[in-house]
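Novice: got a sequence here, can you model it:
(one chain, ligands or ions: 1)
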Amino acid sequence: MAYLSHFFAFSPPPERTVRYGRVSAGRLIYLRIFATLPFIMPMKKIIIFLGPPGSGKGTQAKIIAEKYNYGHLSTGDLLRALQTKKNLTAEETTALAEMKRGRLVADELIYELVFKEIDRYIANGQGVVLDGAIRNVAQAKEYQKFFEQKKLDSEVIAIEVALPDAESFNRLANRRVCSACGEIVPIDPAAPATTCPKCSGEFVTRADDVPAVVEKRVREQGNVPLQPIKDFYKKLGVLKVVDGTQTIQKVDQDVQKLI
Ligand SMILES: [Zn+2]
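Specialist: The predicted structure is shown next:
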């Protein structure tokens, strides 16, 4: 990518006004290079998905990770993966024990685990997609500190999959999970499916998806607590927003345009 730095070093032509029919050859080349730049810029290595519960950020994170062979890091998945892992480190053993006691795992332990995973992917030449990993500004700062230490701060992009809290509530309260394969399906009130389209298993409502629990989740992880995190990334100049009320495919298209 050495040639890219040459493009950046290119100084703009002194003449700043464009006169129709009198664009110099030098200026044309300059314009062409800058019009092409977005297409030859390498993809960011750290993609952070933000959004309220039910916004589909997890689905989008998964799509991007699979398409570009990036690591998909969701804190919950990481902690769950520990349960089947052998040869745990001291930090991992503590995290697992806390989790089994039903306690929230301390932030420091999570950083330890996630940072190690990020290191592993970056060393391997891959990028990472962070999904639901950052829940408050303190955590966002801690991650940013880590990225700066690793000289990865210019690789960060935060994508908000925007969704109003009311829509977030509706989506979570109206989804069912297959008791056989775990597939999560939104319920269409006009034509409610009773069996799983994937395996014909029976649908159940997850304990997490009953209205009282959903309401609590939206309050704790919805747009109000999200705002200061968004402000943090906006200030860094790396926040992008996609409309999460669209279909999964359309949101994906919008995301692809940004990365
Ligand atoms: Zn199923």
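
Novice: for the rest of this, base every contact and every neighbour count on C-alpha atoms.
Specialist: Fine.

Novice: who in the stretch 51-200 of the chain is up against the ion?
Specialist: Residues of the stretch 51-200 of the chain lying close to the ion (CA under 5 Å from the ion) are Cys178, Cys181, Cys196, Cys199.

Novice: am I right that Ala191 sits in a helix?
Specialist: No - counting by DSSP: H, G, I helix; E, B strand; the rest coil, one finds Ala191 to be coil, located in no helix.

Novice: which phi and psi does it have?
Specialist: The phi/psi pair for Ala191 (degrees, to the nearest 10) reads phi -140, psi 70.

Novice: also Asp243?
Specialist: Per degrees, to the nearest 10, the backbone of Asp243 is at phi -80, psi 110.

Novice: any idea what it is bridged to?
Specialist: Ala162 (DSSP bridges).

Novice: center of this protein - which residue?
Specialist: In the chain, the centroid-proximal residue (CA atoms, centre = their mean) is Phe49; its distance is 2.0 Å.

Novice: quick check, that residue in contact with Glu160.
Specialist: Yes - Phe49 lies in contact with Glu160 (CA atoms under 8 Å); the separation is 6.0 Å.

Novice: parallel or antiparallel, list what pairs with the helix or strand that contains the residue nearest to the centre of the chain.
Specialist: Using DSSP states H and E, the element containing Phe49 is strand 46-50. Note on strand 46-50: by DSSP bridges, its sheet partners are strand 128-131 (parallel), strand 156-162 (parallel).

Novice: for the first one, list the C-alpha coordinates in CSV.
Specialist: This means strand 128-131. Taking Å, rounded to 0.1, in the frame of the first residue of the first chain, the C-alpha atoms of strand 128-131 are listed here in CSV:
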residue,chain,number,x,y,z
VAL,A,128,-12.5,-7.9,14.0
VAL,A,129,-16.1,-7.0,14.3
LEU,A,130,-17.2,-6.1,17.8
ASP,A,131,-20.8,-6.7,18.6
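
Novice: buried sites along stretch 49-59?
Specialist: Phe49, Leu50, Gly51, Pro52, Pro53, Gly54, Ser55, Gly56, Lys57, Gly58 (16 or more other CA atoms under 10 Å).

Novice: contacting residues around the first one?
Specialist: The reference is to Phe49. Lys57, Gly58, Ala61, Val129, Leu130, Asp131, Gly132, Ala158, Ile159, Glu160, Val161 (CA atoms under 8 Å, 6 or more residues apart in numbering).

Novice: equivalent analysis for the third one, please.
Specialist: By CA under 8 Å, 6+ apart, Gly51 lies in contact with Lys57, Glu160, Val161, Ala162, Leu163, Gly222, Asn223, Leu226.

Novice: could you rerun that using 7 Å?
Specialist: Listed by CA atoms under 7 Å, 6 or more residues apart in numbering, the contact partners of Gly51 are Lys57, Glu160, Val161, Ala162.

Novice: separation between Arg176 and Arg206?
Specialist: 7 Å (CA to CA, to the nearest Å).

Novice: give me the more crowded residue out of the two.
Specialist: Ranked by neighbour count (other CA atoms under 10 Å), Arg176 and Arg206 place Arg176 first, with 23 against 15.

Novice: my read: the more buried one touches Gly182, true?
Specialist: No - counting by CA atoms under 7 Å, Gly182 is not a contact partner of Arg176; they are 9.4 Å apart.

Novice: how many neighbours does Tyr143 have?
Specialist: Neighbour number of Tyr143 under other CA under 10 Å is 18.

Novice: run a quick neighbour tally on Lys86.
Specialist: Neighbour tally, Lys86, other CA under 10 Å: 7.

Novice: can you name every helix or strand that the host helix or strand of Leu226 contacts?
Specialist: Assigned by DSSP H and E, Leu226 belongs to helix 223-236. Counting contacts by 3 or more CA pairs under 7 Å, 6 or more residues apart in numbering; DSSP states H and E, helix 223-236 is packed against no other helix or strand.
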